[in-house]
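Participant: Need a 3D model of the sequence below.
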Amino acid sequence: MTTINDKLDIFRKLVYEQEEEKYKKALEDLDQRAKNLVESKKLEVEKRKEEIAEREALLREAEKNRILSEKRQELNSKLLLKREEILEDLLDSLKEKAIDFSLTDMYRDTVIKRISEVLMNIDDMELIITLAEEDREKLEGSILKIAKKSKKNITINTVPRSNIIGGFILSDKNRTYSIDNSYKTIIEENRYEIGKKLYRALEEAGDFQWKI
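Facilitator: Predicted coordinates:
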């Protein structure tokens, strides 16, 4: 015969088993949530690590590009300076050759011929021709003959050879215009073309093509 105590024991057992089951279930749920949270955090940490690694890689690449850019700029500056130095040497060489040419007999004939050509296209009768001091003696006689033939009054002025190297400068009496046929001006006016040809020749020869 089942007593009240037996019934209470059965009741307590049922209640305890139900509570224990609930407790176990709660523990399992809590454990699973903890595992899910840990896994989520691990994924978050891994993602963060990847983001940091990518950012560091981008920073390293940016720094590398910055250094390369500075190096290229530095090399380009050196290249331009070197090219300019070579160009100046070439122009100086051309000026020296022009001076050497001014000492030849052919020079006198060349200048006189050019003066004659210029005078044919000028209507002014009063003109000034500027020569290098060293050229006056060998050119003055021929110039005066041309002046007489063309019925023009020509005054001859002289300047140091360094001012014009060779050739001549022709102007009207009031110096409202001038025709500069001096070798110094001809060389300087052709600086750009001379430089362009020089740089092209250097590149074709493989010089000054610095790369990083």
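
Participant: quick one, longest helix in the protein?
Facilitator: helix 4-101 (DSSP state H).

Participant: Let me know the next secondary structure element after that one.
Facilitator: helix 105-120 (DSSP states H and E).

Participant: Give me the sheet partners of the following helix or strand past that following helix and which way each runs.
Facilitator: Next along the chain after helix 105-120, taking DSSP H and E as the criterion, comes strand 126-132. Using DSSP bridges, the strands paired with strand 126-132 are strand 153-159 (parallel), strand 167-172 (antiparallel).

Participant: Mean neighbour count added to those strands, as CSV?
Facilitator: (Each C-beta comes from the backbone N, C-alpha and C, glycine too.) Shown next, in CSV, are the strands paired with strand 126-132 (neighbours: other CB atoms under 10 Å):
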stretch, mean neighbour count
strand 153-159, 15
strand 167-172, 20
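
Participant: Nearest to N181, out of those?
Facilitator: Closest to N181 of the strands paired with strand 126-132 is strand 167-172 (CB to CB; 4.7 Å).

Participant: how big is the angle separating that closest one from helix 4-101?
Facilitator: Here the directions of strand 167-172 and helix 4-101 differ by 80 degrees (axes from the mean of the first three to the mean of the last three CA atoms, to 10 degrees).

Participant: which secondary structure elements does the helix or strand just after strand 167-172 contact?
Facilitator: Where DSSP H and E defines the elements, the next helix or strand beyond strand 167-172 is strand 178-182. Packing partners of strand 178-182 (3 or more CB pairs under 8 Å, 6 or more residues apart in numbering; DSSP states H and E): helix 105-120, strand 167-172.
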